[in-house]
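*Asks:* Sequence first, predicted model second:
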4 protein chains.
Amino acid sequence: MRTSTEFIRSLEDGRTIYYRGKRIENINEHQILRIAALHAAKLFDYPNRIYEDEKFGQISKFFKIPKSKEDLLDRHELIYKTTMFCNGIFNISQAIGSDALFALTIISRKLDKKYGTDYSKRIEKYYEEVAKKDLTLAVAQTDVKGDRSKRPSEQIDPDMYLHVVKVDSNGITVKGAKAHTTQSIVADEIIVIPTRAMRSEEKDFSIAFAVPTNAKGLKMYCRPVDEVEGNTSSVLSKKDYEIETITVFDNVFVPWDRVFLFREYEFAGALATLFATFHRFTAISYRSATANLYLGAAIKAAEANGVLKEKHVRDDILEIVMYKEIMKISALAAAIMPRIDEEVMIPNPIYTNIGKLYSNSRFVEVIKALVDVSGGIIGTMPAQEDFESEQGQELEKYLRGALDGRKRIEIMKLAKELASSSYAGYMITLMAHAEGSIEASKLELERSYDYGEALELVEKVIS
Amino acid sequence: MRTSTEFIRSLEDGRTIYYRGKRIENINEHQILRIAALHAAKLFDYPNRIYEDEKFGQISKFFKIPKSKEDLLDRHELIYKTTMFCNGIFNISQAIGSDALFALTIISRKLDKKYGTDYSKRIEKYYEEVAKKDLTLAVAQTDVKGDRSKRPSEQIDPDMYLHVVKVDSNGITVKGAKAHTTQSIVADEIIVIPTRAMRSEEKDFSIAFAVPTNAKGLKMYCRPVDEVEGNTSSVLSKKDYEIETITVFDNVFVPWDRVFLFREYEFAGALATLFATFHRFTAISYRSATANLYLGAAIKAAEANGVLKEKHVRDDILEIVMYKEIMKISALAAAIMPRIDEEVMIPNPIYTNIGKLYSNSRFVEVIKALVDVSGGIIGTMPAQEDFESEQGQELEKYLRGALDGRKRIEIMKLAKELASSSYAGYMITLMAHAEGSIEASKLELERSYDYGEALELVEKVIS
Amino acid sequence: MRTSTEFIRSLEDGRTIYYRGKRIENINEHQILRIAALHAAKLFDYPNRIYEDEKFGQISKFFKIPKSKEDLLDRHELIYKTTMFCNGIFNISQAIGSDALFALTIISRKLDKKYGTDYSKRIEKYYEEVAKKDLTLAVAQTDVKGDRSKRPSEQIDPDMYLHVVKVDSNGITVKGAKAHTTQSIVADEIIVIPTRAMRSEEKDFSIAFAVPTNAKGLKMYCRPVDEVEGNTSSVLSKKDYEIETITVFDNVFVPWDRVFLFREYEFAGALATLFATFHRFTAISYRSATANLYLGAAIKAAEANGVLKEKHVRDDILEIVMYKEIMKISALAAAIMPRIDEEVMIPNPIYTNIGKLYSNSRFVEVIKALVDVSGGIIGTMPAQEDFESEQGQELEKYLRGALDGRKRIEIMKLAKELASSSYAGYMITLMAHAEGSIEASKLELERSYDYGEALELVEKVIS
Amino acid sequence: MRTSTEFIRSLEDGRTIYYRGKRIENINEHQILRIAALHAAKLFDYPNRIYEDEKFGQISKFFKIPKSKEDLLDRHELIYKTTMFCNGIFNISQAIGSDALFALTIISRKLDKKYGTDYSKRIEKYYEEVAKKDLTLAVAQTDVKGDRSKRPSEQIDPDMYLHVVKVDSNGITVKGAKAHTTQSIVADEIIVIPTRAMRSEEKDFSIAFAVPTNAKGLKMYCRPVDEVEGNTSSVLSKKDYEIETITVFDNVFVPWDRVFLFREYEFAGALATLFATFHRFTAISYRSATANLYLGAAIKAAEANGVLKEKHVRDDILEIVMYKEIMKISALAAAIMPRIDEEVMIPNPIYTNIGKLYSNSRFVEVIKALVDVSGGIIGTMPAQEDFESEQGQELEKYLRGALDGRKRIEIMKLAKELASSSYAGYMITLMAHAEGSIEASKLELERSYDYGEALELVEKVIS
């Protein structure tokens, strides 16, 4: 199978990446961006990541189409454990792509049934290529959207939602931009799907497809990695982080066999939602793992400060436990109460969104808990350069707690990174918006919830 | 099998019940208390409640000792569905007793291993009798406790915790009182277990046993059923409610074969906790069912008022959905990630307590949501007597909403009962304290949580 | 000045009261309703309630039109202290009426300026009569409203909002019903004002006026006083409570000199809002007093249980302190930062609504805190009849805590009443909806808030 | 009076500052630190900052000892408005020092009364010097503390709390370190006071004094200003920020006339608390101003996104309004209900701590609100360098919302800075810990609250 070294080398393919105003020719030579690449590469070093698929032979477990509850439980564990393997940082490289492929598999079958198209064959062929080549994938869903009070077709600039600008016998040409595309710069391919339900006048916005990351006209604008460059005492981010881009499709050509939805507007919403369900299941799975960073840091900070037995500290720790375990139990419940569609097991959308909504709403409580436990020092401690200078010894003397200064500083550096730094700010935003905002989770819950049981009960009671 | 009619008749056995200052000779003839009896009796009418046990033959599903994940999932469903069958009101009659029997089964085996005693044989025999006779059981755990800042052995009055006062060759005699014993007055038997861990000086408080409800010296003091007697427009409580007693053991004799723990103080804590885990699994199971009352009432009230599309109303409804489903998913996760001890499957204590703690802390949000949706009318509407009087028509005219007045009044009567009446007050207390308070859930979480995974991760990151 | 005895006697004037389906001929002879009357009467026994008005001579302080910050601070204190005087229960009898009179004073002046009408003279005359006769007043504002998704003019039944049905040279005749009219049955007069802003097609709904409580066609339907009749161990409610009615105007005639708004629809909203501002200032004032019941009960319950030093108990107590004091400080700030209109000082509407919104949203936390401190016993304790029976002694023995049983029971009876009874349910509804719901407070905040300062700052920063 | 230019120049006095591992010889030449200096200097440009003191003549309003409610209201306004003057960033330069001087004024009088000392004369003299020279002051209170479970006298390293190491006829020599000393590097003087109550065995830790910032042995270790150096798109922090240091006293000599407490351990707690009360009043005053940044940014972000009318967005905005105004009303109430001691008006400590506790607990809600309104873009947007590059135009095209791209980016850069950057992390920590943590506010509330009123009420009710 593909190795991490092979993966790393394959990144040097001319893809168009901008970072801090400059074109980055070789990501592997860039001191900051290479961390994102090495993080992605870790996936290939994860033990036992391969299984024998009856159709495709030896492939990554991420690409195993869920056919049973056990498959979903295994997938949860895979995402949880790969996150733990990568120091508590989610590794999206084959997770999000497989989420999209599962959704496309289902939708393509429905499309073919309705229209006699050959989408499912295209998807199968693409799936095979991805699985056999052991590719990493990014998914670009969220359009830049422009004025949120207007629909795609009502925007001043039609490019606010990705759309078809040309069609010919070879394929289609698309234009527009997607926001928040995670790890696109280290993906082999980018899968594009619609961000929302569409109407008949929005056929040209109703498209799904895949292109290689180095496709002509594809440009990726990275966010600045302030958690590394802007915090010299960062510990975690120097080892692992994921990066997002604004991904511009400047007249990108897509051949027909990579086109998975084309103007069938009435399937845009279903595809968007189905992907979201798979991907939110992924989200609650990695978030329960990521919560361990906050939990472990809170306990260690409490020990370092000598306050582990304080009731308010214990309450803070339980707040984080609560967060971690509600992520976990919503994933477990979603796995064992799935829905099935076109022979694919879909994680229970209600339980998935319950976990997701809890996460969106309550992550600030996790931050607050760690801040409360750690003390103001995580906001006001000197820089890494100070600790490494000849003044370092004096700082170590004065920063001792129930542990010696050196140890306490190590812990407080992590606590600062997690709760009082650019990483903390980034995480608050991520936990509120990634994989869908609070309102998106609410809408999906309202849409898919079956109120019948409750209404029948009440009718029985009052009758 | 036992029928509801047989059960009802069997209650007339001379048990000592006090209600509102009077000795109640025959519960079935008491207009209010008979509702509690009829509620208990419904269990015997629940369809498909019997299964073929390989050891005991045809017995109630409640008494099936969980041996697998499926058994725990089935038990969750049994409790959920019997609650729905009883109009959203938990039916404790064989649930709590089996929770105690499961815990006693495990502990008795441990006791025998350590001391060569025959407790497990006693339990098995008792278990067989209970199962074959299809008995209903109450469990008396919480002592009246006296001064909470003092241990059992430190109380001014030693009777604050139930204890042995006499021992002879036939059995033991006990004295004390237990609080909050649910449905004791309609139980065939009462199982008594310790309320907490005990120390060596507290051997006489370290006891577990069972007695029939009409045992000599056993007195049951009911709470007033204000939800029926104090709210003439009540709808739900007139159909189903459960009642608690202060249960006084005034020198009650227990024969040796009904004694399940006797001065082995170091097992008192384990027994208390193990029962609590089983019973909290029961709690989160019935609470997810009970939440349907609030959910259905909120939707119907919103419809009746014409406000179902208002965003704040939808948020209120989602708050209740969140509550219901976090109960549900914690139960499901607890079932599929059990612990096993002495060949019995124990629901995962972490997930069980996560659900329990959420319930304890957040039920007031459910009340608040229903109050917000329903409007002030549930606090200020006239009485049932008014609606039934010749003025009723005028009230119906003026209480119409998006529905006609009669229908809206029916809905508002239930909304009032659930959220703005003595039942609401009772429920807030129940949800905060029944099956263990907020602090009890926190303590159990702290005690049983494995922080190792989080600590290892953080050590890996900072090393 | 008028005495409480005189007031009580004056209630026997033939007013039409219904309670539990029966016409109540003499309120003073009704065991339950007379408590509401005696509560109202207490106002006349409140020490130093009279001041020397320069215009009207010796009158009640409630009727002093606020002309300065000190007047508003004094009014806050008056409401706070009369509430404390009445055992923590608000005494609305001259408070709400004066709130309405202040608003009518302002609006009448504006009306006269615009239309050359004589409303201000009518109000002055009425004001003089009320003040000199020392009357008690109810205010009927909230219409029964019907379908909340429709405007007054769109209802199926036009009587869903009170409206004019006949006009002649003597006055107007009105029809409709108002909900939640507090203490109407013991008021001398009822002032009626619009519930919301009106449009040109809603002129007939745009009315304000006053009628004596025994006006022909006026019918008052009381809510059942379950906190007394439905809870035999109630302590507080047997001393003081206030009652609401659905108040039906069945073709009630109002002479012109008592009509204060007549079809000037564009003033309906301003009058509704202005009254709401005065009355919410009253609300936060009495709520800070009422909170003392919960605060004192929580401390005493904690002492009785022996848990006063527990951290979670201390946090519970602080939650109540927080509630009480945010009510207090919002009232103080509203008083010292008033707005002035037509020479009348209006409490700052922003600060008033900030306090109000906190109260609406957070009162359940107060309930939850008291429940947590008190323990499950407030849900399951036997009835007052039990304590008074010959079994009472046994119950006292077993209900002792860190205090003896008798004392602890006294405290727990109050804790139950406040947090786990029909009174608790009623209070939750009251605190959420009385004087305007959560959404009403939000709307008013949004409407009246000046965002300019914040926007200017941000423009300065980003420019 | 002193000008900002004079102030800036005076900073070049050889003080010992370390930043990122290097000794900074001249702060005014340091690109980052000079921003902190220029921020401090703005105070001297604030209009109308001078008043005529009857004792000292023309001095800064910050140094006006509060003698009336109006003085406290004026002080609140002064802090609010200077914060607004400095772009919403608190200007501590004369605020914290005067808070300390007020507390020392009171305590010195008490000390003199008890011991016949001349502390009040020393303070007066120092006060005069500070006021007449128009000095800026830092206050160093929080010791580095070591093991928080141990008292000062129990620490392994005695230097964990600042203490006297030498005493002679000229003065004392002190050793230790203080954490979180705000704006020390741009203060003329540092006032040192104890961090907590002390016992008789802790006399050497019971000291208060003042030294010039360039005192021999005084070393200041700055936190890194990541909000400027680590976020190239920062807008606010490039204009204004305040910096904290770990302030090491390495055998610093203090002459007797600058010693304000010397081993009178029983006054250490009172001094610490009194300063905290004055300073928390300052805190709630500036925090209500700072909240405008979040409020204005949320409104502008909502406009830019086209979502201002969405209900959840409006709720977010109201959450920030609530925060801002509870800060404001607690300050107003604290000012008009002061306590008086030694002829100095002290802001009401209850109301001050109520505001403080709300701020500590709820600031994360403000962050969450702004994140929710702004969208994920504040976490994933490209860097300032990108916007300034030749690709900037393409980014502007795709980042348009309801406003054009350039304007929306300007707004989103601020939203990112406030809610999703190192500044956000810093603010969360600041709001939780600065001027005392959540627990510190709770302790002070518990200590100073008068429960008598509530207890009397309850006793009246249950008697």
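*Replies:* Structure received.
*Asks:* all contacts plus neighbour counts: C-alpha atoms, from now on.
*Replies:* Fine.
*Asks:* Just the pLDDT for the spatially most central residue of chain A.
*Replies:* By CA atoms, centre = their mean, chain A has its centre lying nearest to A:Ile92, at 5.7 Å. As predicted, A:Ile92 sits at a pLDDT of 98.
*Asks:* can I assume it sits in a strand?
*Replies:* No: with DSSP: H, G, I helix; E, B strand; the rest coil as the criterion, A:Ile92 is coil rather than part of a strand.
*Asks:* hang on, isn't it packed against A:Val186?
*Replies:* No: with contact defined as CA atoms under 8 Å, A:Ile92 does not reach A:Val186; the gap is 10.4 Å.
*Asks:* can you list residues touching both of those two?
*Replies:* Here A:Ile92 and A:Val186 have A:Ala40 as joint contacts, going by CA atoms under 8 Å, 6 or more residues apart in numbering or on different chains.
*Asks:* Please report how far the residue nearest to the centre of chain A lies from A:Glu435.
*Replies:* Separation of A:Ile92 from A:Glu435 (CA to CA, to the nearest Å): 12 Å.
*Asks:* how about the closest residue to chain B within the stretch 1-150 of chain A, what does it touch?
*Replies:* For the stretch 1-150 of chain A and chain B, the shortest gap (CA to the nearest CA) falls at A:Asn87, measuring 6.2 Å. Applying CA under 8 Å, 6+ apart, we find A:Asn87 in contact with A:Leu236, A:Lys239, A:Asp240, B:Leu457, B:Lys460, B:Val461.
*Asks:* Count the residues that sit near the third one.
*Replies:* Translated: A:Asp240. When neighbours are defined as other CA atoms under 10 Å in any protein chain shown, A:Asp240 has 22 of them.
*Asks:* Let me know whether it touches A:Ala36 as I believe.
*Replies:* Yes: counting by CA under 8 Å, A:Asp240 does reach A:Ala36; the two are 6.7 Å apart.
*Asks:* give me phi/psi at the residue nearest to the centre of chain A?
*Replies:* Note on A:Ile92: backbone dihedrals following degrees, to the nearest 10 are phi -80, psi -10.
*Asks:* how close does it sit to chain D?
*Replies:* 16 Å (CA to the nearest CA, to the nearest Å).
*Asks:* distance of that residue from A:Val130?
*Replies:* Applying CA to CA to A:Ile92 and A:Val130 gives a distance of 15 Å.
*Asks:* now do A:Ile299
*Replies:* Distance of A:Ile299 to A:Val130, computed by CA to CA: 42 Å.
*Asks:* of those two, who's got more company?
*Replies:* Higher neighbour count among A:Ile299 and A:Val130: A:Ile299, with 24 against 21, using other CA under 10 Å.
*Asks:* Whichever strand or helix holds the more buried one - contacts with which helices or strands?
*Replies:* Counting by DSSP states H and E, the element that carries A:Ile299 is helix A:268-305. Helices and strands touching helix A:268-305, by 3 or more CA pairs under 8 Å, 6 or more residues apart in numbering or on different chains; DSSP states H and E, are helix A:69-85, helix A:95-115, helix A:311-336, helix A:349-374, helix A:405-419, helix B:452-462.
*Asks:* possible to save those helices as a markdown table with distance to A:Thr181?
*Replies:* Shown next, in a markdown table, are these (distance: least, CA to CA, whole Å):
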| stretch | distance to A:Thr181 |
| --- | --- |
| helix A:69-85 | 19 |
| helix A:95-115 | 11 |
| helix A:311-336 | 23 |
| helix A:349-374 | 19 |
| helix A:405-419 | 23 |
| helix B:452-462 | 26 |
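*Asks:* Dump those helices into CSV; add mean pLDDT as well.
*Replies:* Converted to CSV, the helices and strands packed on helix A:268-305 look like this (pLDDT from 0 to 100):
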stretch, mean pLDDT
helix A:69-85, 98
helix A:95-115, 98
helix A:311-336, 98
helix A:349-374, 97
helix A:405-419, 98
helix B:452-462, 97
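*Asks:* what would these look like in CSV with distance to chain D and mean neighbour count?
*Replies:* What follows is the helices and strands packed on helix A:268-305, written out as CSV (distance: least, CA to the nearest CA, whole Å; neighbours: other CA atoms under 10 Å in any protein chain shown):
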stretch, distance to chain D, mean neighbour count
helix A:69-85, 21, 20
helix A:95-115, 18, 21
helix A:311-336, 8, 24
helix A:349-374, 6, 26
helix A:405-419, 6, 25
helix B:452-462, 20, 18
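*Asks:* which one of these lies closest to chain C?
*Replies:* Counting by CA to the nearest CA, and looking across all of the helices and strands packed on helix A:268-305, nearest comes helix A:311-336 at 6.6 Å.
*Asks:* Can the closest one be said to contact chain B?
*Replies:* Yes: applying CA under 8 Å from any CA of the partner chain, one finds helix A:311-336 touching chain B at A:Leu318, A:Met322, A:Glu325, A:Ile326, A:Ile329, A:Ser330, A:Leu332, A:Ala333.
*Asks:* so A:Asn251 sits right up against A:Lys175, yeah?
*Replies:* Yes: with contact defined as CA under 8 Å, A:Asn251 counts as touching A:Lys175 (4.9 Å).
*Asks:* and the helix or strand harbouring A:Ile378, average pLDDT?
*Replies:* Secondary structure assignment for A:Ile378, by DSSP H and E: helix A:377-380. For helix A:377-380, the mean per-residue pLDDT is 98.
*Asks:* ok, and does it reach over to chain D?
*Replies:* Yes: Helix A:377-380 is in contact with chain D by CA under 8 Å from any CA, via A:Ile377, A:Ile378, A:Gly379, A:Thr380.
*Asks:* Following the chain past that helix, name the next helix or strand.
*Replies:* With elements assigned by DSSP H and E, the helix or strand that comes after helix A:377-380 is helix A:384-388.
*Asks:* If you count contacts, what does that following helix end up packed against?
*Replies:* Looks like helix A:384-388 contacts helix A:392-398 (3+ CA pairs under 8 Å, 6+ apart).
*Asks:* The residue of the stretch 1-150 of chain A closest to chain B should be in a strand, yeah?
*Replies:* No: counting by three-state DSSP, A:Asn87 falls outside a strand, being coil.
*Asks:* Not counting its own residues, what contacts stretch A:14-28?
*Replies:* With CA under 8 Å, 6+ apart, stretch A:14-28 has contacts from A:8, A:11-12, A:30, A:33-34, A:37, A:185, A:213-215, A:218-224, D:382-391.
*Asks:* Can you pull the residues of chain A lying near chain B?
*Replies:* Counting by CA under 8 Å from any CA, chain A sits next to chain B at A:84, A:87-88, A:235-236, A:292-293, A:295-297, A:299-300, A:318, A:322, A:325-326, A:329-330, A:332-333, A:351, A:354, A:410-411, A:414, A:442, A:445-446, A:451, A:453-458, A:460-462.
*Asks:* quick one on the thing from earlier: give the rounded mean pLDDT of the helix holding A:Ile299.
*Replies:* Helix A:268-305 shows a mean pLDDT of 98.
*Asks:* Measure how it sits relative to helix A:69-85, angle-wise.
*Replies:* Taking axes from the mean of the first three to the mean of the last three CA atoms, to 10 degrees, helix A:268-305 and helix A:69-85 form an angle of 50 degrees between their directions.
*Asks:* Ramachandran angles for A:Lys42?
*Replies:* Backbone geometry at A:Lys42, expressed as degrees, to the nearest 10, gives phi -50, psi -30.
*Asks:* which non-adjacent residue is nearest it?
*Replies:* Closest residue to A:Lys42 apart from its sequence neighbours, by CA to CA, 6 or more residues apart in numbering or on different chains: A:Ser4 at 6.6 Å.
*Asks:* pLDDT at that neighbour, what is it?
*Replies:* pLDDT for A:Ser4: 97.
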